[in-house]
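Student: Mind folding the following:
(one chain, ligands or ions: 1)
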Amino acid sequence: MYNPIEINENLFYVGVNDRTKSLFENLWPLPKGVSYNSYVIRDEKIALIDTVDICYTDIFLNKLDVVLGDKSIDYLVINHMEPDHSGALNILLNKYPTIKIVGNARTADMLKGYYNISENVQVIKDGDELCLGKNTLKFFLTPMVHWPETMMTYINETKTVFSGDAFGTFGSLDGGVVDSQLNPDFYWDEMVRYYSNIVGKYGGPVQKALRKFNDVEINTICPTHGPVWTEPENVKRVIGLYDKLSNYEGDKGLVIAYGSMYGNTEQLAEAIAAAAAASGVRNIVMHNLSKSNLSYVIQDIYKYKALIIGSPTYDSKLYPAVQTLVNTLENKNLKNRYFGFFGSHSWAGTSVRILGDFADKMQFEKVCSPIDMKQSLNEVFYEEAVTLGSTMAKKILSDDEIVPNKTTDCI
Ligand code: FEO
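Tutor: Numbers count the residues shown, from 1 in each chain. Coordinates of the predicted model:
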């Protein structure tokens with residue numbers, strides 16, 4: 001049994017919740033699950049927007065039965081081919097063999113490659129429209145938000161956008177689907193985590209996509225994951241958050257991410273954090289990288305404008321957990337951060353040099369001198385930590401622009 005969820009006139013939610021999977025993309029934790037959203041527009045012609053993960057096809061098909069009654073589906077619009085949204089495709093086509101699949105040229109290539117489908121595909125271009133009756137769909141190609149074939153579909157009449165992964169969140173939909181039916185508090189951080197983990201490399205393409213909608217009024221956002229956004233203040237907040245994140249703008253806050261084998265490096269991190277707090281920074285997050293999950297570390301790093309990384313020298317390199325973080329940030333092409341760094345060693349230090357090279361490569365604004373602690377915290381290293389923490393605090397609390405490649409002296 002299923003009571004159809006009507007988002008607005010003739011637009012129905014037919015997505016599913018996944019509370020079984022532990023890791024999204026077999027990588028990112030899902031402590032509160034995830035939803036795979038799909039939508040039906042019931043008009044003279046019936047359009048389905050995206051499908052769901054293959055594991056949930058039976059529930060999905062049951063929902064379609066309820067919403068469609070004795071009708072069939074005329075069009076399946078594929079905004080995104082990643083299997084969490086296209087997985088149910090072949091089984092869907094078995095049941096509704098006359099469906100015309102609507103996508104762009106890159107979608108067509110992936111349909112052939114993933115599912116060996118090349119028949120009954122309607123290839124659209126950017127700006128094309130498809131009339132369903134009372135609703136007209138307009139297609140906006142938005143490549144690399146998150147894959148090259150990604151696009152968004154807009155209903156001109158109701159000003160509803162089906163945005164694919166954009167504006168999506170981790171977390172299942174526990175009861176309500178539309179923001180007005182649920183408490184959205186939980187989803188804001190999960191939107192940052194989803195963006196930073198999944199889409200975060202593609203700030204430029206996200207900016208391009210947002211610009212396409214500059215003069216397009218949006219009343220309702222229907223993403224492929226998480227709540228449907230309809231409340232005007234939420235729609236504004238969602239778009240503003242994406243604009244900020246894709247511009248690599250962080251809030252006033254500091255992430256200190258470090259590795260530490262026996263706690264000596266951690267003591268240096270504690271001293272830096274305490275100094276930053278004493279200088280007025282209220283948003284400070286410390287991550288022991290041997291314990292914190294990378295997904296949440298990245299989320300916090302995208303959230304705040306300042307980052308300090310510390311690492312012991314290990315096998316003449318960075319500590320492995322720190323190396324993983326550094327590699328990930330490099331892969332994601334993170335930009336526009338105040339950056340401080342410190343290291344420790346017992347007999348020969350290389351970690352500080354490696355972190356300095358990383359800062360240069362990432363074109364961060366380096367703040368204060370790095371600290372290279374030999375063996376354990378003494379008064380000299382403690383004072384250096386206080387100086388780094390307080391100098392970083394001044395930068396964070398200032399309204400200065402972050403200047404790529406600049407080095408700001410210790411204050
Ligand atoms: Fe939700 Fe890029 O897939």
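Student: Just give me the neighbour total for the residue of the stretch 151-300 of the chain at minimum distance from the ligand.
Tutor: Closest residue of the stretch 151-300 of the chain to the ligand, Cβ to the nearest ligand atom: D165 (4.4 Å). Yep, even glycine has a C-beta here, placed from its N, CA and C like the rest. Neighbour count of D165, defined by other Cβ atoms under 10 Å: 22.
Student: what are the ranges of the strands in the stretch 101-250 of the chain?
Tutor: Applying DSSP state E, counting those that start in this stretch to the stretch 101-250 of the chain gives strands spanning 121-123, 129-131, 136-141, 151-155, 160-164, 220-223.
Student: okay, the ones you listed in TSV with distance to E231 next?
Tutor: As requested, those are arranged in TSV below (distance: least, Cβ to Cβ, whole Å):
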stretch	distance to E231
strand 121-123	34
strand 129-131	28
strand 136-141	23
strand 151-155	18
strand 160-164	14
strand 220-223	10
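Student: that older thread, find the nearest non-adjacent residue to the residue of the stretch 151-300 of the chain closest to the ligand, please.
Tutor: H146 (4.7 Å; Cβ to Cβ, 6 or more residues apart in numbering).
Student: Same question for G33.
Tutor: Per Cβ to Cβ, 6+ apart, closest to G33 is S172, 3.5 Å.
Student: isn't the one you found right up against N17?
Tutor: Yes: S172 is in contact with N17 according to Cβ atoms under 8 Å; the separation is 4.0 Å.
Student: what do those two both touch?
Tutor: Residues touching both S172 and N17 by Cβ atoms under 8 Å, 6 or more residues apart in numbering: 33-35.
Student: now, which of the residues you listed lie within strands?
Tutor: 34-35 (DSSP state E).
Student: Whichever of the shared contacts of S172 and N17 end up buried, select them in ChimeraX.
Tutor: Typed into ChimeraX, the next command selects the buried ones out of those (criterion: 16 or more other Cβ atoms under 10 Å):
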select :33,34,35
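Student: any chance of the shared contacts of S172 and N17 in TSV, with pLDDT and distance to the ligand too?
Tutor: Formatted as TSV, those follow (pLDDT from 0 to 100; distance: Cβ to the nearest ligand atom, whole Å):
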residue	pLDDT	distance to the ligand
G33	98	14
V34	98	8
S35	98	10
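Student: ok, longest strand in the protein?
Tutor: Max-length strand for the chain by DSSP E is strand 304-314.
Student: after that one, next one along is what?
Tutor: Downstream of strand 304-314, the first helix or strand assigned by DSSP states H and E is strand 317-318.
Student: How about the stretch 1-150 of the chain: which residue is closest to the ligand?
Tutor: Counting by Cβ to the nearest ligand atom, the stretch 1-150 of the chain gets nearest to the ligand through E82 (3.6 Å).
Student: Give the burial count for the residue nearest to that residue when sequence neighbours are not counted, as a bare number.
Tutor: Leaving aside its sequence neighbours, E82 sits nearest to W147 (Cβ to Cβ, 6+ apart; 6.1 Å). W147: 16 surrounding residues under other Cβ under 10 Å.
Student: Okay, W147 and S369: tell me how far apart.
Tutor: Separation of W147 from S369 (Cβ to Cβ, to the nearest Å): 42 Å.
Student: wait, what's in contact with the nearest residue to I124 once chain neighbours are set aside?
Tutor: Nearest non-adjacent residue to I124, counting by Cβ to Cβ, 6+ apart: F139, 4.9 Å away. Shown in contact with F139 (Cβ under 8 Å, 6+ apart): 77, 102, 104, 124-130, 151-154.
Student: Same list (those) but as TSV, adding neighbour count and pLDDT.
Tutor: Putting these into TSV (neighbours: other Cβ atoms under 10 Å; pLDDT from 0 to 100) gives the following:
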residue	neighbour count	pLDDT
V77	23	98
V102	25	98
N104	21	98
I124	20	98
K125	9	98
D126	13	98
G127	10	98
D128	15	98
E129	11	98
L130	19	98
M151	25	98
M152	25	98
T153	25	98
Y154	21	98
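Student: Show me the helices in the protein, by range?
Tutor: 57-68, 83-86, 89-95, 105-115, 185-194, 203-212, 232-246, 264-278, 294-303, 320-332, 351-362, 379-397 (DSSP state H).
Student: Buried by neighbour count: which residues of the fourth one qualify?
Tutor: By neighbour count, with 16+ other Cβ under 10 Å as the criterion, the buried positions of helix 105-115 are 106-108, 110-111, 115.
Student: And for the longest one?
Tutor: Along helix 379-397, the positions that meet the burial threshold by neighbour count (16+ other Cβ under 10 Å) are 381-382, 384-396.
Student: And for the fifth one?
Tutor: Neighbour-count burial for helix 185-194, counted by 16+ other Cβ under 10 Å, picks out 187, 189-194.
Student: Alpha carbons of it, as CSV, please.
Tutor: Coordinates of each C-alpha in helix 185-194 appear next as CSV, following Å, rounded to 0.1, in the frame of the first residue of the first chain:
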residue,chain,number,x,y,z
ASP,A,185,17.5,21.0,10.4
PHE,A,186,19.3,17.7,10.0
TYR,A,187,19.7,18.1,6.2
TRP,A,188,21.7,21.3,6.1
ASP,A,189,24.9,19.8,7.2
GLU,A,190,24.2,16.7,5.2
MET,A,191,23.8,18.9,2.1
VAL,A,192,27.3,20.3,2.8
ARG,A,193,28.6,16.7,3.2
TYR,A,194,27.0,15.5,0.1
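Student: what residue ranges in the chain are flagged as low confidence?
Tutor: By pLDDT under 70, the chain contains no weakly predicted segment.
Student: same thing but at 90, please
Tutor: 1-2 (pLDDT under 90).
Student: Enumerate the residues of it near the ligand.
Tutor: Residues of the chain lying near the ligand by Cβ under 6 Å from any ligand atom: 80, 82, 84-85, 146, 165, 224-225.
Student: ok, 5 Å please
Tutor: 82, 84, 146, 165 (Cβ under 5 Å from any ligand atom).
Student: Surely I218 is in contact with F162?
Tutor: No: using Cβ under 8 Å, I218 makes no contact with F162, being 11.1 Å away.
Student: More neighbours: which of the two?
Tutor: F162 (27 against 18).
Student: Identify the bridge partners of that one.
Tutor: T153, C222 (DSSP bridges).
Student: contacting residues around the residue nearest to P404 when sequence neighbours are not counted?
Tutor: Excluding the flanking residues, the one nearest P404 by Cβ to Cβ, 6+ apart is Q363, at 4.1 Å. Contact analysis of Q363 by Cβ under 8 Å, 6+ apart lists 335, 404-405.
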